[in-house]
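Q: here is a sequence together with a model predicted from it:
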Amino acid sequence: MTEDPVLSLKDASIFQRESLILSDVSVTIQKGEFVYLIGKTGSGKSSFMKTLYGDLPLQKGEGEIVGFDLATLKEKDIPFLRRKLGVVFQDFKLLNDRTVKDNLLFVLNATGWKDKVAMNTRIDEVLDKVDMKTKSFKYPYQLSGGEQQRIAIARALLNEPELIIADEPTGNLDPQTSVEVMEVLQEINKNGNTILMATHDYALILKYPSKTLKCDDNQVFEVVQKTV
């Protein structure tokens, strides 16, 4: 099998304005992998994620993600980069004034879809993947936290992203709901989607062991998991 990295960083340094957050980061994520990103609050996980979807510029080193060069990324390229990424946030970021279906239509319209039939079909497909097909007419505030996160995952899948970046997707959920959301992510990964998930939830990592990167002491390194 040829190596096909979705993400590759080499000697990358990540800054928030003038402050160095992470230095000499060298990370590779291959197509189809499920990778955790762990680390204490303030260790740089969010800055790392923000660099990947173009919120923070990569000021030093090399970086390539889904075919985009992060070091030379222009403002005008960021929407195109984000079409190839699916981002899932801790706080769902759903629009409360519109239904689930309209939340998803909003993204499709914003990313250039025109064909109404194709749009409806795609919405049905992604809602089916997260087991939420019957909830398309509901408003986010009518759903539980776990259901809202499923919708957020469906939204991330709309444009068939090459990489899903999940930033603390279970951070606002109780343990049982966290497991349910994790099962959805595992299933999506089995279907070939590459996932990078930042988490504080070590119980989930023990339950679903996978490659793990850790932010600590201005570095990012792979953690060798002890087999139980």
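A: Noted; the coordinates are in hand.
Q: the longest helix in this structure is where?
A: When the chain is parsed with DSSP state H, its longest helix is helix 175-190.
Q: what segments of the chain are strands?
A: 5-16, 19-30, 34-38, 60-65, 68-69, 85-88, 163-167, 195-198, 211-216, 219-223 (DSSP state E).
Q: and those strands: which comes nearest residue 112?
A: Closest to residue 112 of the strands of the chain is strand 85-88 (C-beta to C-beta; 15.4 Å). Where you see a C-beta, it was placed from the backbone N, CA and C, and this is true even at glycine.
Q: read off the pLDDT value for residue 226.
A: As predicted, residue 226 sits at a pLDDT of 60.
Q: change the start of the numbering to 329 and stick with it
A: From this message on, residue numbering opens at 329, which makes the last subject residue 554.
Q: ok, and the helix or strand in the protein with the lowest average confidence?
A: Every helix and strand of the chain was ranked by mean pLDDT, DSSP states H and E. The lowest is helix 406-411, at a mean of 89.
Q: isn't residue 512 right up against residue 478?
A: Yes: under the criterion of C-beta atoms under 8 Å, residue 512 makes contact with residue 478 at 6.1 Å.
Q: what residues does the residue nearest to residue 466 when sequence neighbours are not counted make contact with?
A: The shortest distance from residue 466 to any non-neighbouring residue, by C-beta to C-beta, 6 or more residues apart in numbering, is to residue 428 (5.6 Å). Residues near residue 428 by C-beta atoms under 8 Å, 6 or more residues apart in numbering: 422, 455, 460, 463-468, 471, 479.
Q: same thing but at 7 Å, please
A: Residues near residue 428 by C-beta atoms under 7 Å, 6 or more residues apart in numbering: 463-464, 466, 479.
Q: quick one: which of the residues you listed is the most crowded by neighbours?
A: Counting neighbours by other C-beta atoms under 10 Å, residue 479 comes out on top of those with 25 neighbours.
Q: for residue 420, see how far away it is.
A: In this view, residue 479 and residue 420 are 7 Å apart by C-beta to C-beta, to the nearest Å.
Q: just residue 341 next, same as before
A: For residue 341 relative to residue 420 (C-beta to C-beta), the value is 31 Å.
Q: the more surrounded of the two?
A: Neighbours were counted for residue 341 and for residue 420 using other C-beta under 10 Å; residue 420 has more, 21 against 17.
Q: so for the protein, the centremost residue is which one?
A: Closest residue to the average C-alpha location of the chain: residue 493 at 1.5 Å, with C-alpha atoms, centre = their mean.
Q: OK, contacts around the residue nearest to residue 364 when sequence neighbours are not counted?
A: Nearest non-adjacent residue to residue 364, counting by C-beta to C-beta, 6+ apart: residue 540, 4.4 Å away. Contacts for residue 540 (C-beta under 7 Å, 6+ apart) come out as 364, 366, 533, 550-551, 553.
Q: which residues does residue 540 bridge with?
A: Beta-bridge pairing for residue 540 (DSSP bridges): residue 364, residue 551.
Q: just give the number of residues close to residue 489.
A: 20.
Q: that older thread, take the contacts of residue 428 and lay them out in JSON lines including pLDDT and distance to residue 352.
A: Listed next are those as JSON lines, based on pLDDT from 0 to 100; distance: C-beta to C-beta, whole Å:
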{"residue": "463", "pLDDT": "97", "distance to residue 352": "45"}
{"residue": "464", "pLDDT": "97", "distance to residue 352": "46"}
{"residue": "466", "pLDDT": "97", "distance to residue 352": "47"}
{"residue": "479", "pLDDT": "97", "distance to residue 352": "38"}
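Q: and which of the residues you listed is nearest to residue 387?
A: Distances from residue 387 to the contacts of residue 428, taken by C-beta to C-beta, are shortest for residue 479, at 35.0 Å.
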